[in-house]
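Peer 1: structure for the following, please:
(one chain, ligands or ions: 1)
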Amino acid sequence: MATDTTVRRWRRNPSLLAGAVILGLLVVVALVAPPLLSGSAETLTDDARLGPGAEHLLGTDAFGRDVLARALVATRLTLLMAAAATAASFVVGVAIGALVHLAPRWLRETCLRLIDSAVAFPSLVLALVIAAVLGPGTGSAIVAIAVAGVPGFARLTANLAATVADKDYVLTARLLGVPGPRILTRHVLPNISGPLLVLLSSSFTLSLLDISSLSFVGLGVQSPQYDWGRLLNEALPSIFAQPSVVLAPSIMLIVTGVGAMLLGDGVASLVDPRTRGTAPAATGAADAAAPATPAKESRAVRAPDGAGATAGTEPDGLLTVDGLTVRAGDRTLVDDVSFTIGAGRIVGLVGESGSGKSTIAMAVAGLLPEGVRAHASRLALGDLDLLGTPPGRRLATEIGIVYQDPIGTFNPALRLGAQLTEVARTHLGTSRRQARRDMARALADIHVTEPERRLRQHPHELSGGMLQRASIASAMTTNPRLLIADEPTTALDVTVQAEVLRQFRRINREHGTAMLFISHDIGVVGVLCDTVLVLHGGRVVDRTTGADLRRGTVTHPYTRALLAATPAAVEAGATLSAVRWTADDTTPAQPDGTPLDGKPLDGTPPDGGSLDGAPSRGTQPGKAPLAAMPLDAAPLDGMPPHGTPPDDLSDTAAGRPPAAEGSR
Ligand SMILES: Nc1ncnc2c1ncn2[C@@H]1O[C@H](COP(=O)(O)OP(=O)(O)OP(=O)(O)O)[C@@H](O)[C@H]1O
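Peer 2: As a prediction, this is how the structure comes out:
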């Protein structure tokens, strides 16, 4: 079975096959040629300068030695030198690149500039200078070529590591307190191995040519040793009279280079789990939502009219954010934002793209990118002070994060089982077997089909909806007090969105988990959240409730403008409003320019857009708004029918703390 798979993989990878065959043959030549052909390659005879013939296929050189035999015998030394130089460049270059990536910013920038300058210098010229300084010889040629190859590997490693460093799975590892070197070896290096292997193969080819060049100009291999470069050097005086003498070493050089490139391409595609050719799991049906019962009347307490600005502050605040300001250099990204989240409550952050939602979430989780600084009068999760350096273990176990892109959440190079059980094994001390058993149960709870099999799969083998549910299960491993969901439904189609939202609601009710729920979709926020902060330009411009959003009874002009820009809230045939509002505006923008007067907007469901309403007018073809999705369809893909509370998204289920919104 395993052999079948291996054969299929090789067949699907012709580059790998061709490269391996070519280099394999060359290795055989390197092994057998010296003992078999040294005699005819090195014995001086009187048959000098013979042309190609039956006895000497490519003729003889000026000392009567067989030209082809010499080229074949030289294979061993040439390959060994090129391999040694490339291996040294690779090891030292990747190590330097990794250290540069881990270094503080100023040092990293300085090192990168130096590396860039070294890369700009042609490697052969660099090698010539080094070889000239070290003196001619085999050892100095290897050192010269190895040193000349280091900057290329260092730059590629540092640059690629930087592109992986802001991936969600790296941020999660940082939140979990995984040390930098381990993040590097487990998450970063495996995900940049493809390009590094391609560079390794091209670097081998380059080393081969550079070493041959050094020997050709007399700085490399010295007589009586010989490599292909040395053979070309010896053939130079008779190149016009007897061109066949340069043929053998030249062909050997070309064939070896092509073989190395083909092998590099093939290996790069082999190590990339996304191109291994495993069939992806069924999508669509597997992700479809299970049926839900009709939503019951909303219970969320509504802030009194005109008191929208008092919502967003909750009694018994579990999470306290007071005067949070986030800056990147001189630029203020988040300006004096304050709110609290009570235990078991869901607070939404809504606003246009760039309004600062994710920045607030990352500041809470202590995951702000380099160069971005947060200041606050208070930033705390219960007794855990989030300013400064909170203990990594507490951060890892008390805050869970679900990101927007379920694919980016997971390390594509690792199987899901290893990733999903990491927190339990690292922070809870659970054994590997028990952690897998627990995770399989958690996945089943969240309606992931065939959980055991999923744990053995790579992320690319699951659909987006399944991955998002897996990441929710993963975030819940430690039963965190606060779950941050950063646009968790944006990358999903609307049917899957509903199921994912239902899971958030279920978790909130069953575990009493407080949530900071981020979305640019005001409909989604209205459906799920108790209280909602509306952000604009990094500031909170309105504080309202989910119930008010669903009823469309919000009063703030910007919030009303956001609602007016929601397809489900607009009459069929009417113009969809663009949001044009500045902090100085006191009147909301209507499509026709008339001010909104506080009446519910046309098309907005009168008692809120629960997930069970009939499709609204104004719905865009092909993408129904969430508020319009009927969720009582038959279960799909064998998903267990559910839909009884707590899986509906109404606010009526028991077990939630009373929502008495206080004021700041
Ligand atoms: N590392 C950074 N350095 C400088 N500015 C940044 C950085 N990260 C984000 N910003 C800026 O901060 C502002 C807020 O970004 P943020 O990602 O928090 O917005 P958002 O509301 O979450 O948007 P979206 O919905 O598109 O994710 C944006 O103007 C963005 O350009």
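Peer 1: quick one: average pLDDT of the longest helix anywhere in the chain?
Peer 2: Using DSSP state H, we find that the single longest helix of the chain is helix 67-102. Averaged across helix 67-102, the pLDDT comes to 93.
Peer 1: which residue does the stretch 501-650 of the chain bring closest to the ligand?
Peer 2: residue 520 (4.9 Å; Cβ to the nearest ligand atom). (C-beta placed from N, C-alpha, C; glycine too.)
Peer 1: so that residue touches residue 486, yeah?
Peer 2: No. In this structure, residue 520 is not within contact of residue 486 by Cβ atoms under 8 Å, at 10.9 Å.
Peer 1: more neighbours: which of the two?
Peer 2: residue 486 (22 against 18; other Cβ atoms under 10 Å).
Peer 1: residue 401 is in contact with that one, correct?
Peer 2: Yes. Counting by Cβ under 8 Å, residue 401 is a contact partner of residue 486 at 6.9 Å.
Peer 1: which residues are in contact with both of the two?
Peer 2: residue 361 (Cβ atoms under 8 Å, 6 or more residues apart in numbering).
Peer 1: what's the overlap in contacts for residue 520 and residue 486?
Peer 2: With Cβ under 8 Å, 6+ apart, residue 520 and residue 486 have common neighbours residue 357.
Peer 1: how close does residue 510 get to residue 436?
Peer 2: Using Cβ to Cβ, to the nearest Å, one gets 22 Å for the distance from residue 510 to residue 436.
Peer 1: between the two, who's got more neighbours?
Peer 2: More crowded of residue 510 and residue 436, by other Cβ under 10 Å: residue 436, with 21 against 13.
Peer 1: how many neighbours does residue 429 have?
Peer 2: Residue neighbour count, defined by other Cβ under 10 Å, stands at 9 for residue 429.
Peer 1: which residues touch it?
Peer 2: Counting by Cβ under 8 Å, 6+ apart, residue 429 has no contacts.
Peer 1: how far away is residue 329 from the ligand?
Peer 2: Residue 329 sits 8 Å away from the ligand, going by Cβ to the nearest ligand atom, to the nearest Å.
Peer 1: actually residue 374, sorry about that
Peer 2: Distance from residue 374 to the ligand, by Cβ to the nearest ligand atom: 12 Å.
Peer 1: neighbouring strands - and their directions - for the strand or helix carrying that residue?
Peer 2: Following DSSP states H and E, one finds residue 374 within strand 372-375. Sheet pairing for strand 372-375, assigned by DSSP bridges, gives strand 317-328 (antiparallel).
Peer 1: buried ones in the partner strand?
Peer 2: 317-322, 324-327 (16 or more other Cβ atoms under 10 Å).
Peer 1: before we move on, what about stretch 249-267?
Peer 2: Buried-residue list, stretch 249-267, by 16+ other Cβ under 10 Å: 249-250, 252-253, 256-257, 259-267.
Peer 1: do stretch 447-455 as well
Peer 2: Neighbour count says stretch 447-455 has 447-451, 454-455 buried, by 16+ other Cβ under 10 Å.
Peer 1: got it, and stretch 155-168?
Peer 2: 155-162, 164-165, 167-168.
Peer 1: one step back: export the strand holding residue 374 as CSV, just CAs?
Peer 2: What follows is strand 372-375 as a C-alpha-only set of coordinates in CSV (Å, rounded to 0.1, in the frame of the first residue of the first chain):
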residue,chain,number,x,y,z
VAL,A,372,3.1,48.8,16.8
ARG,A,373,2.7,49.8,20.5
ALA,A,374,-0.3,49.7,22.8
HIS,A,375,-0.9,52.0,25.8
